[in-house]
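Asker: Coordinates for the following, if possible.
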Amino acid sequence: MIIDVKDLYDKLTDYMGKEVTLQGWIRNHRKQKEFGFIDFNDGTYFKSVQAVYDDKIEMFEEVQKLRIGSAIEVVGKVIASPAKGQEFEIQVISVKLLGDCPEDYPIQPKRHTREFLREQAYLRPRTNLFSAVFRVRSIAAYAIHKYFQENGYVYFHAPLITASDCEGAGEMFQVTTLDLNRVAKEGKLDYSKDFFGKPAALTVSGQLQAETFALSYKKTYTFGPTFRAENSNTKTHANEFWMIEPEMAFCDLDGDMNVMEEMLKYVVKYVLDNCKEEMNFFDNFVEKGLIEKLNKLVNSEFVRIDHEEVIKILKEAPVKWEFTPEYGEDIAKEHEKYITEYFNGPVFIKNWPKDIKAFYMKQNKDGKTVAAVDLEVPGAGELMGGSQREEDYDKLVNRMDELGMEKEGLDWYLNLRKYGGCVHSGFGMGFERLLIYLTGVENIRDVIPFPRTPGNCDF
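Answerer: So this is what the prediction gives:
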């Protein structure tokens, strides 16, 4: 009977003393003259299994030649282990080689740098660190879908190719079928001959399209890849990343914050409950106190405070700032850190200056601010950003005119305000930012299977 390693750990009492068959890979192989130990892992569970064999088994010499990285099938008896730190081991009856591996296999049983493992991205899930990271990624993604599905949201697939620039920043990857060599030679660009007959790009956000579904289904969410053509090499920026973007009709800014808080707590708790081995590993070897930090977030009351009040607190703080906090301006990383420490927990900063926020945000009655919100969390800074969307057609058109934005191609978005428009809100959360927070692994390149960053499009 072929079983998974996870089955052994989950139902050990059922298998103790019985013969089982396992299929997986050799993580380590320690050989002695008359016996040997194989650290065996099949990817179904964070922990490996120790398979013990001696010279009484057939093909003893062939088994001794098996190399690290090889795929094997092990038949053996599950027995209590005399070794400290493990409850059981496999007493080997036979081993079959399923896929050999050469001596120069890159992932040897030693400490590898994360930089080296990025160069071996197709193999790094076989290491403890990345096995844990990418299982947490999988479980967290499931938890996000689970939260929204259980709360009546419709999952919406936003287009990846679009003619709409949600953020108005212009940092978009262009999509074309034109012969660029010919364009360069002729010195002219005729979009009427391009595939879509007009400029097209990879999306920076699915928000605008998601609003159309919110105004049909009441509650919707997107969860998919987005793209930014930013030439940035920081630890928290990538050119391809995943975004969670819910949109809710008949929901104001306070309701938006309620969903942001509830969803985050749900996902964090789900990961803590369902990735215990991985989270213990992160807590021991990546970020000391990680589990305590996450449990504190789950049990926290999130503070809600206006941007103007935040600036006042920062200005009165007994701190020499590298970047002086100013009314009407954004806040820096050092300010985010201070505010979460000041309130000893997560903080919603709301009602931001209009001039530093996107065109679609609800304009407040003061004429200076918009109903926008950022969530700052201890140890990570900004984790989510959202707003009540402007539902007034004339105000939205005037705001676009103020910013010099082209309305052509966005008539459908404006028409949402004409055709049964209502108060509605939403937010966005970068999935990889969440994973950095959940795992303590501080570089975005290490929480994406195959990262796309400036100058890097390998694999």
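Asker: Now do the strands in the stretch 201-350 of the chain.
Answerer: Secondary structure of the stretch 201-350 of the chain by DSSP state E, counting those that start in this stretch: the strands cover 219-227, 240-249, 303-306, 347-353.
Asker: could you dump those to CSV with mean pLDDT and distance to residue 393?
Answerer: Any C-beta I mention is one placed from the backbone N, CA and C, and that applies to glycine too. As requested, these are exported to CSV (pLDDT from 0 to 100; distance: least, CB to CB, whole Å):
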stretch, mean pLDDT, distance to residue 393
strand 219-227, 97, 21
strand 240-249, 97, 16
strand 303-306, 98, 27
strand 347-353, 98, 23
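Asker: Quick one, which of those strands gets closest to residue 22.
Answerer: strand 240-249 (33.3 Å; CB to CB).
Asker: what lines up beside the closest one in the sheet?
Answerer: strand 219-227 (antiparallel), strand 424-430 (antiparallel) (DSSP bridges).
Asker: What are the buried residues along that strand?
Answerer: The neighbour-count check on strand 240-249 (16 or more other CB atoms under 10 Å) flags 240, 241, 242, 243, 244, 245, 246, 247, 248, 249 as buried.
Asker: gap between the residue nearest to the third one when sequence neighbours are not counted and residue 358?
Answerer: By that I understand residue 242. Spatial nearest neighbour of residue 242, excluding adjacent residues (CB to CB, 6 or more residues apart in numbering): residue 431 at 3.9 Å. According to CB to CB, to the nearest Å, residue 431 stands 20 Å off from residue 358.
Asker: same question, residue 267
Answerer: 25 Å.
Asker: So between those two, which is more surrounded?
Answerer: Between residue 267 and residue 358, counting by other CB atoms under 10 Å, residue 267 is the more crowded of the two (23 against 19).
Asker: Minimum distance to residue 420: which of the strands of the stretch 201-350 of the chain has it?
Answerer: Between the strands of the stretch 201-350 of the chain, strand 240-249 lies closest to residue 420; by CB to CB that is 9.7 Å.
Asker: what's the spacing between that closest one and its chain's center?
Answerer: 12 Å (CA atoms, centre = their mean, to the nearest Å).
Asker: Over to stretch 82-98?
Answerer: For stretch 82-98, the distance to the chain centre is 35 Å (CA atoms, centre = their mean).
Asker: how about that stretch: buried residues?
Answerer: Applying 16+ other CB under 10 Å to stretch 82-98 flags 88, 89, 90, 91, 92, 95, 97 as buried.
Asker: in what helix or strand does the second one lie?
Answerer: When secondary structure is defined by DSSP states H and E, residue 89 falls within strand 88-99.
Asker: What's the mean pLDDT across that strand?
Answerer: Average pLDDT, strand 88-99: 96.
Asker: chain center to that strand, what's the gap?
Answerer: With CA atoms, centre = their mean, you get 36 Å for strand 88-99.
Asker: coming back round to it: and among the strands paired with strand 240-249, the most buried is which?
Answerer: Highest mean neighbour count among the strands paired with strand 240-249 (mean count of other CB atoms under 10 Å): strand 424-430, with a mean of 24.
Asker: Residues touching it, excluding its own?
Answerer: The contact list for strand 424-430 (CB atoms under 8 Å, 6 or more residues apart in numbering) reads 205, 207, 210-211, 214-215, 241-253, 255-256, 259-260, 264, 371, 373, 383-389, 391.
Asker: Now, of those, which are buried?
Answerer: 205, 207, 210-211, 214-215, 241-249, 251, 253, 256, 259-260, 264, 371, 373, 383-389, 391.
Asker: Restricted to helices, list those.
Answerer: Judged by DSSP state H, helices contain the following of the buried ones among the contacts of strand 424-430: 207, 210, 211, 214, 215, 253, 256, 259, 260, 264.
Asker: how near is the third one to residue 351?
Answerer: Going from residue 211 to residue 351 by CB to CB gives 21 Å.
Asker: Kindly report the same for the last one.
Answerer: When distances are taken as CB to CB, residue 264 and residue 351 turn out to be 21 Å apart.
Asker: same thing with the first one?
Answerer: Using CB to CB, we find residue 207 at a distance of 20 Å from residue 351.
Asker: So which bits of stretch 301-309 are buried?
Answerer: So stretch 301-309, judged by 16+ other CB under 10 Å, has buried residues 302, 303, 304, 305, 307, 308.
Asker: from what I can see residue 381 touches residue 337, true?
Answerer: Yes - counting by CB atoms under 8 Å, residue 381 does reach residue 337; the two are 6.7 Å apart.
Asker: the more surrounded of those two?
Answerer: Set residue 381 next to residue 337 and count neighbours by other CB under 10 Å: residue 381 wins out with 21 against 15.
Asker: how many neighbours does the residue lying closest to that one once chain neighbours are set aside have?
Answerer: Of all residues not flanking residue 381 in the chain, residue 336 sits nearest, at 4.0 Å (CB to CB, 6+ apart). Residue 336 has 21 neighbours, counted by other CB under 10 Å.
Asker: Likewise for residue 43?
Answerer: 14.
Asker: sec struct for it, please.
Answerer: coil (DSSP: H, G, I helix; E, B strand; the rest coil).
Asker: contacting residues for it?
Answerer: 24, 25, 125, 131.
Asker: my read: residue 198 touches residue 191, true?
Answerer: Yes - if you go by CB under 8 Å, residue 198 and residue 191 touch, sitting 5.3 Å apart.
Asker: residue with max distance from the center of this structure?
Answerer: residue 56 (49.0 Å; CA atoms, centre = their mean).
Asker: what's the helix or strand for it?
Answerer: Counting by DSSP H and E, residue 56 is part of no helix or strand.
Asker: Looking at it now. What's its pLDDT?
Answerer: Reported pLDDT for residue 56: 93.
Asker: any idea how far it is from residue 219?
Answerer: 64 Å.
Asker: Ok, residue 351 next?
Answerer: 24 Å.
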